[in-house]
Each structure stands twice: as C-alpha cells, then as structure tokens.
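> have a look; sequence and predicted model below, questions after that.
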Amino acid sequence: MNSKDVQGISVIAIADGRNMGKISHIFFDPNARKVVGFAAAEGQGFLRPKTSEEMIDASEIHSLGPDALTLKNADEVAGSETTTAMDHLIDAAELSKRQVVTEAGTQVGTVASIDFDPKSFDLLALEVSTGLLKSHRMVSAADIMTIGTDTIVVRNSVEHAPAEPGEAGRFVVGDVDPTT
C-alpha cells in the first residue's frame, strides 16, 4: 500500500457503519521501520473545514483496503500508542521531503512516498523522485541503511542498479522484466 493512496481514504467503524472521517496523517516509526498509526479528520473539504482529529493505532485497525480503513468498533479506538510515541514518529508527508543519498554521498533523489504492507504495516520501499522529468524509482527497505532526521542513506548499489518495470508500472531497483 502506498502512502499517497491511503491519504484521504475514509475511516469506517464496522460495528455501526459510522464514517469517522478521512485519513489526514500517516505516522511512521523510523526505528521500527513501520507505520504505527494514523489520524482521521472529520470535515476536510472545500466547504467543510477540519473539525477534529482522532488518533488510531495500527494495532486497532481491522483492515486497510484500497478505499477505506476499517475499525471493529469506533468506541474502542484510543490511539494511545501513537500519541505516546509522537515525539519520535515522522508524518509520512514530512518524510516525503527528505533527501536520499548513497553511503558514498551520491544524491539519489527525494522521497515521494512510502510503500508499506497493509497487514503488518512494515516498510517495504521508498518511492524516490529522481527529479529527471518527474521520474520515480522504488528503493527496497533492505537497501535503506539509515532513516535520519534530515537525510535517508541507502546502499551504494541503489545508484548503479538498473530500474526495470515493476508491478503496476512502477520501477523497483533490481527488478527483472520476465518478458525479456
């Protein structure tokens, strides 16, 4: 699941069918390398100002699908783990502004988004904009050495690996096109 696809989807409580709002923030733990929580905001529209935000821990989520994040019961959502850890978490929107460099100091690009597993919420890859005609490439989580406060450092092999077509037209470093 890509952070760009999750931003703005509805949050639905299964128990009563209540729409709790839309995902307004995705919180990433750089030490655990996983998404640990979300914020859902009510309102959020051209003529509907944001009225409040509810914190949701990843552990409280029933399912994360392409169109909605579902919770078993809205009344049982506390978001306490995310709220408590907030001082060391990174909003995915903030992570998207960080530069990516190799361990040798070569600029790779800027983070455009993160890909994470919709069940475990583990980081799978970073989508990196190389700046060349807005092209993007995927950098596997295994190639990430450090997620720092200002910069993300990746293995040198990322710079030299060919970017081949990956799933859904994405480019993943080291992918091989089985049709060739």
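Perfect, thanks for sending it.
> what is the burial count for Asp91?
Residue neighbour count, defined by other C-beta atoms under 10 Å, stands at 15 for Asp91. All C-beta atoms are positioned from the backbone trio N, CA, C, and that covers glycine.
> again, but for Met138
Met138: 23 neighbours (other C-beta under 10 Å).
> lowest average confidence, helix or strand, in this structure?
Within the chain, no helix or strand scores below strand 163-165, which has a mean of 47 by mean pLDDT, DSSP states H and E.
> helices of the chain, residue ranges please.
With DSSP state H as the definition, the chain shows helices at residue ranges 3-6, 80-85, 92-95, 157-160.
> nearest to Ser63, of those?
Distances from Ser63 to each of the helices of the chain were compared using C-beta to C-beta; the shortest belongs to helix 3-6, at 12.5 Å.
> what sits up against the closest one?
Taking C-beta atoms under 8 Å, 6 or more residues apart in numbering as the criterion, the residues outside helix 3-6 that touch it are 23, 26, 35, 38, 64, 66, 69, 92, 96, 112-116, 127.
> and the pLDDT for Asn73?
Confidence at Asn73, expressed as pLDDT, is 89.
> skipping adjacent residues, who's closest to it in space?
When the adjacent residues along the chain are set aside, Asn73 lies closest to Ala15, with 4.2 Å between them (C-beta to C-beta, 6 or more residues apart in numbering).
> OK, contacts around that neighbour?
When the contact criterion is C-beta under 8 Å, 6+ apart, the partners of Ala15 are Lys72, Asn73, Ala74, Asp75.
> got a quick ChimeraX command for the buried subset of the contacts of helix 3-6?
Command for ChimeraX that selects the buried part of those, burial taken from 16 or more other C-beta atoms under 10 Å:
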select :23,26,35,38,64,69,92,96,112,113,114,115,116,127
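> okay, who's weakest in the contacts of helix 3-6 by pLDDT?
Out of those, that is Ser96, at 89.
> ok, back up a step: now, the contacts of helix 3-6 that are in strands?
When DSSP state E is applied, the contacts of helix 3-6 are split such that Ile23, Ile26, Val35, Phe38, Leu64, Leu69, Ala112, Ser113, Ile114, Asp115, Phe116, Glu127 fall in strands.
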